[in-house]
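> here is a sequence with its predicted model. Questions after.
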Number of protein chains: 2
Amino acid sequence: MNTLGYAILSVLGRKPCSGYQLATHLEVLWPAKHSQIYPLLTKMEQNGLVVFEHVEQTGKPDKKIFSITEKGEESLGTWITGKTADPILRDEFLIKMYSMWMTDENQAKELIHDRIAKLEHKVALRDQKIAKVETEYSISSKHFGRYVLLNRSNLLDKEEISWCHWVLKIMENTNIIHFLLGIISAGTFNKIMQSISFFNEF
Amino acid sequence: MNTLGYAILSVLGRKPCSGYQLATHLEVLWPAKHSQIYPLLTKMEQNGLVVFEHVEQTGKPDKKIFSITEKGEESLGTWITGKTADPILRDEFLIKMYSMWMTDENQAKELIHDRIAKLEHKVALRDQKIAKVETEYSISSKHFGRYVLLNRSNLLDKEEISWCHWVLKIMENTNIIHFLLGIISAGTFNKIMQSISFFNEF
DNA sequence: GTTCTCATGTAATAGGTTACATGATTAC
DNA sequence: GTAATCATGTAACCTATTACATGAGAAC
């Protein structure tokens, strides 16, 4: 079975879910589209890792509620003890940041501002979810996993926002230096450029 | 063309590279195996986005040095101005963290300690690279992109290390609470659990 | 009236990994 | 002697996205 399968088992280990619900819960763990989830659930059911119950609904379409089996729990348990693959991040923003210095500086600034806005939006949404877990569930062991992961994402996003501001600051400084380039020497220029790295403490 | 293609153009925009060199430079931007890079380079060459020069070597295998063309630069330029897709992170560690509370707590601690070790290793390697850019290249505009991205990764990894320690602290505290559970009431338990969230400041 | 949520599924395609293939040089 | 680096390529396979398909109720 693939990683998505174990992510599904992890969610079902906390509470039984429909495929539709799984899609939303998996967002934090291992994002997947429904077209990938439904066929995999069928396959996992055939292998005895999960079972489902047909639930009829009025006004809404019927649904299948999946639960983890003992075999599924065992399977998840052995997978967890195995070695963990390195994380993979694919982010177009990084590519654009890499090459934008050679094109337009104003465009680069706009890109960073957009990034900050998106990150702040995500942080605000997650803050609500964190608050909800803290008040409603009072962090019982079943909600611990989700709680710490939400906090992790927010800490990292906040750190990236700081980094964005740091980059913007560097850009402003280099502008001044470019302006002064006609006056100061190349050696002085390099020294100033090096000193910029001390902005790390920002 | 796909995102990998634009990542390749970004690297080639800085300096001409062989497919082999590209594989290492792409690690920071958009990780890819050589089996994906080589066929794409051939395709991009056929479309006039890159050109290559055959370089014979002694002792080492011959290589193809690829450069970006004007058409390639234009193509990259229009892509950069287009909208940026949301980042995608796939990290098995998150799945394990999510469901580990229900299994073994010692195993969970081991997982976190392993993560800390790996992150610290990555940070140390990147610190060297950052130092190299600062001293050797004095952050000229061509190295700016790489320089800020290296700093970004290190800031985020350091933040994740802090988060790991925070989680370990919570786990130790819950141990004490579990121990006291026979003595204190459920209401008191919940209040203590909620107060744990204030460890965020850690 | 158009979009959002609920709810499930399949088919086609694109993207990415693993394995197969070769081979000299250098470093431990 | 065994692993790592340099260097390029193909084939088979797995993973993931987009598009096709259906349909009712609620909200704006």
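Looks like it came in fine. Numbering: from 1, shown residues only, chains lettered A, B, ... in the order given.

> tell me how far the lengthiest helix in chain A lies from the chain's centre.
Counting residues, the longest helix found in chain A (DSSP state H) is helix A:141-180. Relative to the chain's own centre, helix A:141-180 is displaced by 14 Å; criterion: Cα atoms, centre = their mean, to the nearest Å.

> summarise which helices and strands it is packed against.
For helix A:141-180, the elements it packs on are helix A:3-14, helix A:105-132, helix A:186-196, helix B:92-100, helix B:141-180, judged by 3 or more Cβ pairs under 8 Å, 6 or more residues apart in numbering or on different chains; DSSP states H and E. (Glycine included, C-beta is placed from N, CA and C.)

> could you say which helix or strand holds A:Leu29?
Using DSSP states H and E, A:Leu29 sits within no helix or strand.

> pLDDT wise, what is it at?
With respect to pLDDT, A:Leu29 scores 97.

> and what of the one 3 residues further on?
With respect to pLDDT, A:Ala32 has a value of 97.

> hang on, isn't it packed against A:His25?
No - the criterion here is Cβ atoms under 8 Å, and A:Ala32 misses it with A:His25 at 10.6 Å.

> any buried residues in the longest helix of chain A, and which?
Across helix A:141-180, burial judged by 16 or more other Cβ atoms under 10 Å in any protein chain shown covers A:143-157, A:159-161, A:163-164, A:166-167, A:170-171, A:174.

> now swap in stretch A:14-33 and tell me
So stretch A:14-33, judged by 16+ other Cβ under 10 Å, has buried residues A:14, A:16-17, A:19, A:22-23, A:25-26, A:28-30, A:32.

> between the two ends of it, how far is it?
Taking Cα to Cα, to the nearest Å, stretch A:14-33 runs 21 Å from one end to the other.

> give me the contact status of that stretch with chain B.
Yes - under the criterion of Cβ under 8 Å from any Cβ of the partner chain, stretch A:14-33 makes contact with chain B via A:14, A:28-31.

> how about those in a markdown table, adding distance to DNA strand D?
Listed next are the residues of stretch A:14-33 next to chain B as a markdown table, based on distance: Cβ to the nearest atom of the strand, whole Å:
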| residue | distance to DNA strand D |
| --- | --- |
| A:Arg14 | 21 |
| A:Val28 | 15 |
| A:Leu29 | 12 |
| A:Trp30 | 7 |
| A:Pro31 | 6 |
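
> count the neighbours of A:Tyr38 for me.
Residues lying near A:Tyr38 (other Cβ atoms under 10 Å in any protein chain shown) number 15.

> contacting residues for it?
Counting by Cβ atoms under 8 Å, 6 or more residues apart in numbering or on different chains, A:Tyr38 makes contact with A:Gly19.

> quick check: which element contains it?
Going by DSSP H and E, A:Tyr38 is in helix A:34-46.

> just how off-centre is that helix within its chain?
23 Å.

> only the buried residues of it, if you could.
Under 16+ other Cβ under 10 Å, the buried positions of helix A:34-46 are A:37, A:40-41, A:44-45.

> quickly check: it near DNA strand D or not.
Yes - counting by Cβ under 7 Å from any atom of the strand, contacts between helix A:34-46 and DNA strand D involve A:35-36.

> just checking, next helix/strand downstream of that helix?
Past helix A:34-46, the next helix or strand by DSSP H and E is strand A:50-55.

> residue ranges with poor pLDDT in chain A?
A:137-140, A:175-202 (pLDDT under 70).

> and if we set it to 50?
For chain A, the stretches flagged by pLDDT under 50 are A:185-187, A:200-202.

> flag every residue of it that's near DNA strand D.
Residues of chain A lying near DNA strand D (Cβ under 7 Å from any atom of the strand): A:2-4, A:30-33, A:35-36, A:59-61.

> try it again at 10 Å.
By Cβ under 10 Å from any atom of the strand, the residues of chain A that approach DNA strand D are A:1-5, A:7, A:30-40, A:43, A:57-62, A:88, A:90.

> would you map out the domains in chain A?
Residue ranges for the domains of chain A, per automatic domain parsing: A:3-81, A:92-201.

> among the buried residues of helix A:34-46, which one lies nearest to DNA strand C?
Taking Cβ to the nearest atom of the strand as the measure, DNA strand C lies nearest A:Leu41 of the buried residues of helix A:34-46, at 6.1 Å.

> check contacts around that closest one.
Applying Cβ under 8 Å, 6+ apart, the residues contacting A:Leu41 are A:8, A:19, A:22, A:50, A:52, A:64, A:66.

> please report how far the first one lies from DNA strand C.
Meaning A:Ile8. Going from A:Ile8 to DNA strand C by Cβ to the nearest atom of the strand, to the nearest Å gives 13 Å.

> next one: the second one
Applying Cβ to the nearest atom of the strand, one obtains 4 Å for the distance of A:Gly19 from DNA strand C.

> burial count for A:Asn112?
Careful, residue A:112 is Ile; it's not Asn. 20.

> could you do A:Ile68 as well?
Counted with other Cβ under 10 Å, A:Ile68 comes out at 23.

> what parts of chain A come near DNA strand C?
Checking chain A against DNA strand C by Cβ under 10 Å from any atom of the strand, the hits are A:17-24, A:33-43, A:45, A:52, A:54-55, A:57, A:59-66, A:85-86, A:88, A:90.

> repeat the analysis, applying 6 Å as the threshold.
A:18-20, A:34-35, A:38-39, A:57, A:60-61, A:63-64, A:88, A:90 (Cβ under 6 Å from any atom of the strand).

> pull the contacting residues for the nearest residue to A:Leu94 once chain neighbours are set aside.
In space, A:Leu94 comes closest to B:Leu29 once its chain neighbours are excluded; the distance is 5.5 Å by Cβ to Cβ, 6 or more residues apart in numbering or on different chains. Residues near B:Leu29 by Cβ under 8 Å, 6+ apart: A:94-95, A:98, B:7, B:10-11, B:149.

> could you rerun that using 10 Å?
A:90-92, A:94-99, B:3-4, B:6-8, B:10-11, B:145-146, B:149 (Cβ atoms under 10 Å, 6 or more residues apart in numbering or on different chains).

> that one and DNA strand C, how far apart?
Distance from B:Leu29 to DNA strand C, by Cβ to the nearest atom of the strand: 12 Å.
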